[in-house]
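1. next comes the sequence, and after it the predicted model I'd like to discuss.
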Amino acid sequence: MHKIFSVAVAVGCLALTLAAPVSSQARSHAQALSKPHAEKNGKPVAATKVVAKAASAKAGTKASAKAADKASHKTAAGQLGKTAHAAHAKPPTRAEQLLAAKAARKGGARDRAADDDDEDDADNDRQASRRGSAARHASRGVQREARRATALASAAESPIRPRDARGQPSAAALALAARAPAPLPAPARSASVAAAPFTAAAVASAHAGESSRLSFGQQQGLHIGADALELKSSVALVVDQDTNEVLVSKNAGAVLPIASITKLMTGMVVIEARQPLDEVLTITQDDVDTEKNSSSRLKVGSQLTRADMLHLALMSSENRAAHALGRNYPGGLDAAVAAMNRRAASLGMRETRYVEPTGLSSANQSSARDLALLVKEALHLPLMRELTTSPEAQVALGDRLVQFHNTNRLVSNPNWAIGLQKTGYISEAGRCLVMQAQLAGRKLIMVLLDSAGKYSRLGDAERIRKWLDQATADAVAPLGLRPS
């Protein structure tokens, strides 16, 4: 700040040198400028006011310092102009104007430098704020994931090892154990599989990519623990169609929702009822899904033959087609569901129950062992084999042709020879797949239930196929996959 006044004094002195001798009044004005606390009529002059304010705000912000500097320049220049005018009563000379402009440029440069520093500081503050905000957001995200994993762990663990206050099994746990189906006996030379240590992260990863709503298998803790093939399905069963030899078994007795696997039984009882396949059926409002509010390309009023309805229900898992088939069964929908349950009982499917023909209800439940029996029986119907393995079909809906595709991409894979198949999915059931295929030179029935992940059931099927190929080459014994 003293430098600014020094420049002002120098300019004043130079003006005095170049001009004629000034009066005593002008000299007194110049001396007043050089004093930091000069007074005029007992009151501080404007320059002194600004200097005093700037000195008191020295520890303030850069913006305050810049304002004081600019005000000081303007005041000093104004006082110099007044002094010269009082002394000579004429405008400043050319030399005075040049010196004043030079001083102003230096002050302006300092002001711009200060402005640039302020912008840099502001940018740094904004960046630091963004980094801090991002760090806080990431921290909150980690905390949310930790809470979610803990909740999932608790939900998965509670049905398996519930204890009372004394650490003893609770009544609920004993009742659950009493209701649990007996496990399949392990093959004589089955591999021993140790369960992976239980962690919240493992449970959370098993649920990745799926709905926040847990499947029945996840609620029962069936995903906890590893198996030798690292399957993503909590239930797996592979049986030789001809010898009934169990090659792979994992939670095969667990009773779970089966989603659209239901349609295999629907199709079977409709075909066995020997109703005309060329009869035209109409989609009505009764066929619209009110259970899950799922969509359909079969609009209300669409008309198709019974054969086309069967095709879309079994190949593309079309829910309205399956419901229309049940509704048009002899005796109506209730008679169709009763026929489905009677047929299941006739096959020895003791753990199976149907309440409707589409699979949208989670009350349609079965076990892998029962579904293996269903697949084996359905193979006896050529139309079931044909329609379930058809890759695609064109259907006339009104005045347009609509293309439908198979829900199982493996039917178009040259590495697979599939004789019959069906997929299924609702959130309570997870991803499901049943099929008969020729693998490693054998006709095998494969059941995969409650798979976590959109494509994981197909990945599990590929893992089993590769393991069977390798096992055949190495003459390995059957594999019992039972997490402990």
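-> Cool, the structure landed. Just so it is clear, the structure is predicted and the values come from calculations on it, not from any experiment. Residues are numbered from 1 along each chain as shown.
2. next, count neighbours for the closest residue to residue 438 other than its chain neighbours.
-> In space, not counting the residues next to it along the chain, residue 438 is nearest to residue 417; the distance is 4.3 Å by Cβ to Cβ, 6 or more residues apart in numbering. C-beta coordinates here come from the backbone N, C-alpha and C atoms, glycine included. Neighbour count of residue 417, defined by other Cβ atoms under 10 Å: 12.
3. how far away is residue 417 from residue 436?
-> Between residue 417 and residue 436 the distance is 10 Å, computed by Cβ to Cβ, to the nearest Å.
4. list the neighbouring strands of the one helix or strand residue 445 maps to plus their orientation.
-> Of the helices and strands defined by DSSP states H and E, residue 445 is found in strand 442-451. Using DSSP bridges, the neighbouring strands of strand 442-451 in the sheet come out as strand 233-240 (antiparallel), strand 430-439 (antiparallel).
5. winner for burial among those?
-> Highest mean neighbour count of the strands paired with strand 442-451: strand 233-240, a mean of 26 (counted as mean count of other Cβ atoms under 10 Å).
6. what's in contact with that strand?
-> Contacts to strand 233-240, defined as Cβ atoms under 8 Å, 6 or more residues apart in numbering, come from residues 217-218, 222-223, 227, 229, 245-252, 254, 256, 367-369, 372, 430-431, 442-452, 456-457, 460, 464, 468, 481.
7. of these, just the buried ones, ChimeraX syntax please.
-> If you want just the buried ones from those in ChimeraX, going by 16 or more other Cβ atoms under 10 Å, the selection is:
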select :217,218,222,223,227,229,246,247,248,249,250,251,252,254,256,367,368,369,372,430,431,442,443,444,445,446,447,448,449,450,451,452,456,457,460,464,468,481
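8. what's near enough to touch residue 348?
-> When contacts are counted by Cβ under 8 Å, 6+ apart, residue 348 is found next to 370, 373.
9. ok, it to residue 337 distance?
-> The value you get for residue 348 to residue 337, if Cβ to Cβ is used, is 19 Å.
10. over to residue 440?
-> With distances defined as Cβ to Cβ, the gap from residue 440 to residue 337 amounts to 38 Å.
11. the helices in the stretch 251-400 of the chain, which residues?
-> 262-272, 306-315, 319-327, 333-346, 368-378, 382-388 (DSSP state H, counting those that start in this stretch).
12. strands of the stretch 351-484 of the chain, start to end?
-> Counting by DSSP state E, counting those that start in this stretch, the segments of the stretch 351-484 of the chain that form strands are 365-366, 392-397, 400-405, 418-426, 430-439, 442-451, 479-480.
13. do you know which of those lies nearest residue 280?
-> Proximity of the strands of the stretch 351-484 of the chain to residue 280 was assessed by Cβ to Cβ; the nearest stretch is strand 392-397, lying at 11.6 Å.
14. of the strands paired with strand 442-451, which approaches residue 287 most closely?
-> For residue 287, the closest of these is strand 430-439, at 22.5 Å, according to Cβ to Cβ.
15. alpha carbons of that closest one, as CSV, please.
-> What follows is strand 430-439 as a C-alpha-only set of coordinates in CSV (Å, rounded to 0.1, in the frame of the first residue of the first chain):
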residue,chain,number,x,y,z
GLY,A,430,-35.7,-67.5,-10.3
ARG,A,431,-34.7,-68.7,-13.7
CYS,A,432,-35.7,-72.2,-14.5
LEU,A,433,-34.9,-74.8,-17.3
VAL,A,434,-35.9,-78.4,-17.9
MET,A,435,-34.9,-80.4,-21.0
GLN,A,436,-34.0,-83.7,-22.4
ALA,A,437,-30.8,-83.8,-24.4
GLN,A,438,-28.2,-86.2,-25.8
LEU,A,439,-24.9,-85.5,-24.0
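16. next up, the contacts around residue 404.
-> Remark: with contacts taken as Cβ under 8 Å, 6+ apart, residue 404 is in contact with 297, 312, 315-316, 318, 392-395.
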